[in-house]
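Participant: Output the structure for:
(chains A and B)
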Amino acid sequence: MSLAKLSFFLTEALTNLRRSGITTFITVSTIAISLVIMGAFLFTAMNLEAFLLQMQSEAMVTVYLKNDTLLAEAHTFNMRLADMPEVADSLVVSSEDAVRELFSDPDDKRLLQIGVTPEDNPLPTTIRIKLKNPDLLKSIVDKVKLEPLVDNLSYGEDLFKQFEGMSGLLWYVSLSVVVLLGCSSMFIVFNTVRMTLFMRREEIIIMKLVGATDWFVRGPFIIEGLVQGLIGSVIATIILLSSYHLVVGKFAELIPFFGIGITFEQLFKLTAKLFMMGLILGVVGSLLSLRDIRKFSRSVN
Amino acid sequence: MIEIQNVTKIFPNGVRALNDISVTINKGDFVFLVGPSGAGKSTFLKMLFREEIPTMGKILVDGKDIVTMPGSRVPYLRRNLGIVLQDFQLLKNRTVAENVAFGLRVVGVSDAVINTRIQEALEQVGLSHKRRMFPTELSGGEQQRVCIARAIVNNPLVLITDEPTGNLDPMISDEIIKLFLEINMRGTTIIMATHNEKIVNKLRRRVLALMDGTIIKDEECGTYAYE
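Facilitator: Model prediction:
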C-alpha cells in the first residue's frame, strides 16, 4: 500500500469518526464496557483457578491408621510410603502428639467439655503425606486406602471438589460472557459501519465511478473500526487496571484468598488479550459489514 | 477504441433494453446518443463502464473485452474513462479541489502530483479561482464543470456523459458543450447521451439514434431527428 493511500485512509477515517461523533461514542463505549465486563469475569475466574492451584499445591493427605496399630508398625509403613514416587514428604503423628497438638490450640479446649483428655485419648496415629504434585492425589489415595493398616483417609476432598466445581462453572460463565458480549459488540460495530455506509453511499458511488477498488473503498471503514476498537480497548484497559487492586482489596476483606491468586505478569497478559480482542472486534465488525460493498455502489442513475 | 458487437441487454424483469446492437466508435470521435426516454441510452452508456453487463454480445474497450473482465479489473477500466452524469454527483462537504482530487486519490497519486493535476483540470474548465469553494456555493453550470474536471483529471481515453446539460439553462449548456469540444480536440473520445436537439443540430457530429433498444440511425455529421 502506498503512503498516499494510507494517508488518505487515515484522513478519511479520522474525519468520519469526528463527523459521526455520537455513533462513534456509542460504539467505543459499547466496546469498552463489554471488555470491562469480559475482563472482570476472566479476572475472577483466573483468581479462583489460581487459588485452586495453590490449594492443590498445598494438598496434604492424612492417613488415619487403625486403633490397634503400633507406633513401630506406623514407622515401617511410613518408610514404605516415603519410597512411593508421588510422596514428597511424610510424617508419623502418634496419638499422643496429635492430642498435644490439639491442646496447644486454645480454641479446641472446648473439646475437654465433651470428654477428650490426654489420659483418655481417642485420636488415632496418623501419617501426614505431602505430595510432589497435586495431580498425583488420586493415585496415592487409591494406593494407600488398600493398605491393611489404614482405617481412613482425609484430603479435604469435599471442599476441593466444591471449589473445583465452582471454578469450572465460572470459566463456563466467563467464556459465555466473552462470546456473548463479543458478538454483541461486533454487532454494534457492524451496524455502525452499515449506517455509515448508507450515509456515505453517494461518496462510495463516486469512488467506484472514478475507479476505486473494493478494498480502497473499504480501507477507511476498516481503519475506523480499528480506531474504535483501539479507543475502546484503551479505555477498558485503564478501567480494569486501575480498578483491579481496588476491587480485589474489597473482595479480600470478604474472601481471604482473593487477590493473592494472579501475578502481575498474568494480569498484563490478560489485559493484552483484552486489548487485542477490542481491536479484533472493531476490525471484524467492519469487515463483516463491508463484505457486500458493491451493493452500495450500484446505483448510478 | 470501442467495439460493441451484437449486444443485447434483458433485465431480470424481462425488459429488453438493448436489442442486438453493433457499433464501432473510433479514437477521437465525438458521438451523440439520441432517442426518446426509455430507448436504452443510459443502459448503453452504463455498459461501457461495466455498471451493467450485457445479456449477450461482446464489448471491447481499447482492445479489452469488458464483458468477460473479472469484477476486480473493473476499477482499472474506469480509471481510463471519465464519467459525467446529469445529477452532478459532487460531495457537498468537500471543496471543489477535493472533489476533483478524488479521482486521483483512489489511484494513489501523491499529493504533489495531485495539486498540479487539479490546477490543470480546473484551469481547463475555468474554475481554478474557485478551488476552495464548496459545491453548494457554485451555480449548476459550475458544478457540472467541476464534475467534468474530475472526469478529465486522469486524462481518460473516453469521456462518457449522460445528459450533462439536462439540468442547465441554454446559455450554460452551450458553455459546457464548448468545454466538451475542447476536450475532444485534445484527442479524448466523447460519447454523450442527450435530448438537446439544438446542440446536436448545431455541432453536426456523429449521431447514434436508439429506439426501443435498437440503433435506428448512425450518421456522421448527423442531426437530432430520429423519427
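Participant: Name the nearest residue to residue A:49, sequence neighbours excluded.
Facilitator: Nearest non-adjacent residue to residue A:49, counting by CB to CB, 6 or more residues apart in numbering or on different chains: residue A:167, 5.3 Å away. C-beta: built from backbone N, CA, C; applies to glycine.
Participant: Can you verify my assumption that the one you found contacts residue A:45?
Facilitator: Yes: with contacts counted by CB atoms under 8 Å, residue A:167 reaches residue A:45, the gap being 7.0 Å.
Participant: Report all helices and strands that the helix or strand that contains residue A:161 contacts.
Facilitator: Assigned by DSSP states H and E, residue A:161 belongs to helix A:157-199. If you count contacts as 3 or more CB pairs under 8 Å, 6 or more residues apart in numbering or on different chains; DSSP states H and E, helix A:157-199 packs onto helix A:21-57, helix A:214-254, helix A:264-290.
Participant: Format the ones you listed as CSV; extra columns: distance to residue B:17.
Facilitator: Shown next, in CSV, are the helices and strands packed on helix A:157-199 (distance: least, CB to CB, whole Å):
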stretch, distance to residue B:17
helix A:21-57, 39
helix A:214-254, 26
helix A:264-290, 30
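Participant: Ok, which of those comes nearest residue B:45?
Facilitator: Among the helices and strands packed on helix A:157-199, helix A:214-254 comes nearest to residue B:45, with 22.2 Å by CB to CB.
Participant: Give me the angle between that closest one and helix A:21-57.
Facilitator: Going by axes from the mean of the first three to the mean of the last three CA atoms, to 10 degrees, helix A:214-254 is angled at 50 degrees with respect to helix A:21-57.
Participant: now helix A:214-254: mean pLDDT?
Facilitator: Taken as a whole, helix A:214-254 carries a mean pLDDT of 83.
Participant: does residue B:154 count as helix, strand or coil?
Facilitator: Under DSSP: H, G, I helix; E, B strand; the rest coil, residue B:154 falls in the coil class.
Participant: now swap in residue B:19 and tell me
Facilitator: At residue B:19, secondary structure determined by three-state DSSP is strand.
Participant: which ones are touching the closest residue to it other than its chain neighbours?
Facilitator: Distance criterion CB to CB, 6+ apart; nearest residue to residue B:19, sequence neighbours excluded, is residue B:213 at 4.1 Å. Neighbouring residues of residue B:213 by CB atoms under 8 Å, 6 or more residues apart in numbering or on different chains: B:9, B:16-19, B:21, B:39-40, B:43.
Participant: likewise residue A:277?
Facilitator: A:35, A:38, A:178, A:182, A:233.
Participant: Recalculate using a threshold of 7 Å.
Facilitator: A:35, A:182 (CB atoms under 7 Å, 6 or more residues apart in numbering or on different chains).
Participant: how much space between it and residue A:284?
Facilitator: Counting by CB to CB, to the nearest Å, the separation of residue A:277 from residue A:284 is 10 Å.
Participant: circling back: of the contacts of residue B:213, closest to chain A?
Facilitator: Comparing those against chain A with CB to the nearest CB places residue B:43 closest, at 11.3 Å.
Participant: Just the buried positions in the longest helix anywhere in chain B, please.
Facilitator: The helix that spans the most residues within chain B, counting by DSSP state H, is helix B:170-185. Neighbour-count burial for helix B:170-185 flags B:172-177, B:179-180, B:183-184 (criterion: 16 or more other CB atoms under 10 Å in any protein chain shown).
Participant: which residues sit against that helix?
Facilitator: The contact list for helix B:170-185 (CB under 7 Å, 6+ apart) reads B:30, B:125, B:140-141, B:144-145, B:148, B:152, B:159, B:164-165, B:168, B:190, B:192, B:196, B:199.
Participant: go with 10 Å
Facilitator: Helix B:170-185 has contacts (CB atoms under 10 Å, 6 or more residues apart in numbering or on different chains) with B:28-30, B:82, B:84, B:124-126, B:139-142, B:144-145, B:147-149, B:151-152, B:156, B:159, B:161, B:164-168, B:188-190, B:192, B:194, B:196, B:198-200, B:202-203, B:205.
Participant: from these, which ones fall inside strands?
Facilitator: Among the contacts of helix B:170-185, the members falling in strands (DSSP state E) are B:30, B:82, B:84, B:159, B:161, B:189-190, B:192.
Participant: And residue B:81, how far from residue B:50?
Facilitator: Distance of residue B:81 to residue B:50, computed by CB to CB: 9 Å.
Participant: Could you tell me which residues touch both of the two?
Facilitator: What both residue B:81 and residue B:50 touch, as defined by CB under 10 Å, 6+ apart, is the set residue B:61.
Participant: Looking at those two, which is more packed in?
Facilitator: Using other CB atoms under 10 Å in any protein chain shown as the criterion, residue B:81 and residue B:50 rank with residue B:81 on top: 23 against 19.
Participant: quick one, what contacts the most centrally placed residue in chain B?
Facilitator: With distances taken as CA atoms, centre = their mean, the residue of chain B nearest its centroid is residue B:160 (1.7 Å). Contact analysis of residue B:160 by CB under 10 Å, 6+ apart lists B:2, B:33, B:44-46, B:48-49, B:78, B:81-85, B:151, B:189-193.
Participant: Let's see that with 8 Å instead.
Facilitator: Residues counted as contacts of residue B:160 (CB under 8 Å, 6+ apart) are B:45, B:48-49, B:81-84, B:191.
Participant: Could I get those residues in a markdown table, plus columns for pLDDT and distance to residue A:82?
Facilitator: Output for the contacts of residue B:160, formatted as a markdown table (pLDDT from 0 to 100; distance: CB to CB, whole Å):
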| residue | pLDDT | distance to residue A:82 |
| --- | --- | --- |
| B:45 | 93 | 94 |
| B:48 | 93 | 92 |
| B:49 | 91 | 88 |
| B:81 | 91 | 89 |
| B:82 | 91 | 92 |
| B:83 | 90 | 89 |
| B:84 | 87 | 94 |
| B:191 | 95 | 98 |
